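> Have a look; sequence and predicted model below, questions after that.
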Amino acid sequence: MNKINTILKRRNNLLGNNLPTFYENPIHLVKGKGVWVWDNDGKKYLDCYNNVPHVGHCHPEVVKAITDQALLLNTHTRYLHEGILDYVEKLTSTLEKNLNTAVMTCTGSESNDIAIRMAEAVTGSKGIISTDHTYHGNTALVSQLSRTNPPGEGYMNNIKHIPAPDSYRPLGGVSGVPHSENFANELEKAIIDLQKKNIGFSCLIICPFFANEGFPQLSNDWLFPTQRIVKKYNGIIIADEVQPGFGRMGSHMWAHQMMKIQPDIVTVGKPMANGHPVGAVITSTDIMNSFRNSFKYFNTFGGNPVSCAAAMEVLKIIERESLMVNALEVGKYALNELKKLSLRHEIIGDVRGRGLFFGAEMVLDKKTKAPAKEITNEIVNKMRENGVLLSSSGIHNNTLKIRPSMQFSKKNTDLLISTLDNVLKKINI
């Protein structure tokens with residue numbers, strides 16, 4: 001622990017106070033391979049959370065792609081190179097035909113920032129709508145989209161937040177207007193308010209899986225009313241696929257395809273190059289041309305040869321190793337095992353997820369559905385002590401968030417479930 005304290009002290013001195021770490025007792029990681037990571041003391045952890053190493057920590061073929069390209073060329077993106085063109089062709093081939101062009105960036109934050117500017121260029125309006133429990137990045141603009149991490153300078157008057165969907169406690173209750181219609185009604189109210197203020201409506205930005213909102217269990221047609229309202233007011237739909245994209249859902253490459261909506265812009269980031277800093281904004285030719293004519297944008301490192309080589313290899317590995325099939329099969333198995341566990345532990349109020357993105361909501365009482373936030377935090381830390389890494393999220397921050405690499409297996413799932421079972425037995429509820 002002395003080593004940890006020394007690192008934390010240096011970290012605070014060199015990087016500033018209040019820089020977040022995972023867990024009450026932070027981990028000093030030194031190595032990763034596949035679904036495993038090791039700390040400085042040699043302890044091995046099953047990584048059930050980090051989606052950045054999408055195809056597994058230190059995948060040898062990604063490492064080779066990075067090394068081979070770095071030995072050949074890596075330079076400014078104002079020079080011509082075919083790597084970016086080959087990658088964008090392959091990336092857009094996984095999407096709808098109109099989503100055929102892209103801006104390469106370094107992060108998801110940059111991607112969402114650009115997407116919002118694209119929407120402004122097309123609509124001529126500045127009004128932006130997001131949910132009240134989301135996260136889309138940390139630039140000055142996109143930090144305005146989150147009410148969970150409020151910006152120090154306050155919110156701009158062109159930002160509106162609507163209630164995040166909650167399938168466990170649906171907006172309006174279980175009777176009356178359906179949950180999806182209530183969400184769309186809240187959206188329309190926000191649009192009308194922006195219009196009354198002469199701001200106008202530019203875009204709705206959402207994660208189609210509502211990952212930070214606790215990934216509620218929604219039907220595949222749930223977003224139809226939402227899409228109808230956006231189009232009624234000539235707005236743009238931005239689908240933030242940073243967390244659920246690249247096959248994680250198992251059934252579909254992208255969450256918006258699973259939810260059967262047609263976004264105008266798709267943003268990606270974190271997992272696309274297995275840890276190499278890469279992001280992208282994907283859209284149509286018309287929207288791209290409007291953006292290029294309105295903003296003189298370029299990115300020194302976005303789409304550099306090494307990043308594109310890493311990102312291309314990730315797409316190839318997803319295909320070659322049939323990782324979407326794995327995500328679908330293992331995800332179904334994990335949900336079933338979690339549901340069995342919920343029968344033995346009263347604290348598990350709801351089990352949900354798709355593919356290799358699943359979890360369970362912890363409650364004090366299944367009848368009242370009172371959130372067990374503090375206990376959830378204790379569970380996350382106890383799991384870490386027992387060699388399994390996961391986290392929590394959701395509207396009440398009481399949902400275990402499990403989002404492992406795409407190589408995660410049924411055997412890994414068994415270890416996860418058995419460890420969680422033992423932790424829940426020992427926690428005083």
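Yep, that arrived.
> following the helix of greatest length in the chain, which helix or strand comes up?
As assigned by DSSP state H, the longest helix anywhere in the chain is helix 323-344. Where DSSP states H and E defines the elements, the next helix or strand beyond helix 323-344 is strand 348-354.
> for the longest helix of the chain, packing partners?
Packed against helix 323-344 by the contact rule (3 or more CB pairs under 8 Å, 6 or more residues apart in numbering; DSSP states H and E) you find strand 348-354, strand 357-365, helix 410-426. C-beta: built from backbone N, CA, C; applies to glycine.
> repeat that with 10 Å
helix 305-320, strand 348-354, strand 357-365, strand 399-402, helix 410-426 (3 or more CB pairs under 10 Å, 6 or more residues apart in numbering; DSSP states H and E).
> which of these is buried the deepest?
With neighbours taken as mean count of other CB atoms under 10 Å, the helices and strands packed on helix 323-344 reach their highest mean count in strand 399-402, at a mean of 25.
> per-residue pLDDT, residue 217?
For residue 217, the model assigns a pLDDT of 96.
> Do a quick rundown of the helices in the stretch 51-200 of the chain.
Using DSSP state H, counting those that start in this stretch, the helices found in the stretch 51-200 of the chain span residues 60-72, 82-92, 108-123, 179-196.
> With respect to burial, which of those helices scores highest?
helix 108-123 (a mean of 25).
> average model confidence for that helix?
Helix 108-123 comes out at a mean pLDDT of 97.
> Next one: residue 91 from residue 345, what distance?
Between residue 91 and residue 345 the computed distance is 42 Å (CB to CB, to the nearest Å).
> And residue 274, by the same measure?
Counting by CB to CB - residue 274 and residue 345 are separated by 35 Å.
> Look at the two and report which has more neighbours.
Higher neighbour count among residue 274 and residue 345: residue 274, with 26 against 17, using other CB atoms under 10 Å.
> Tell me if I'm right that the more buried one and residue 311 touch.
Yes. Using CB atoms under 10 Å, residue 274 is in contact with residue 311, at 8.4 Å.
> Can you pull the residues that touch both of those two?
62, 65 (CB atoms under 10 Å, 6 or more residues apart in numbering).
> residue ranges with poor pLDDT in the stretch 301-429 of the chain?
428-429 (pLDDT under 70).
> Tell me which stretches of the stretch 151-300 of the chain form strands.
159-162, 203-206, 236-240, 265-268, 279-283 (DSSP state E, counting those that start in this stretch).
> if we compare the helices of the stretch 51-200 of the chain, which one ends up closest to residue 283?
helix 108-123 (6.2 Å; CB to CB).
> Could you tell me the angle between that closest one and strand 236-240?
Angle of helix 108-123 versus strand 236-240, following axes from the mean of the first three to the mean of the last three CA atoms, to 10 degrees, is 170 degrees.
> who's in contact with the nearest residue to residue 59 once chain neighbours are set aside?
Distances taken as CB to CB, 6 or more residues apart in numbering put residue 274 closest to residue 59, at 5.9 Å, once the chain neighbours are dropped. Contact analysis of residue 274 by CB under 10 Å, 6+ apart lists 52-59, 61-63, 65-66, 310-311, 313-314, 317, 405.
> and residue 274, how far is that from residue 363?
36 Å.
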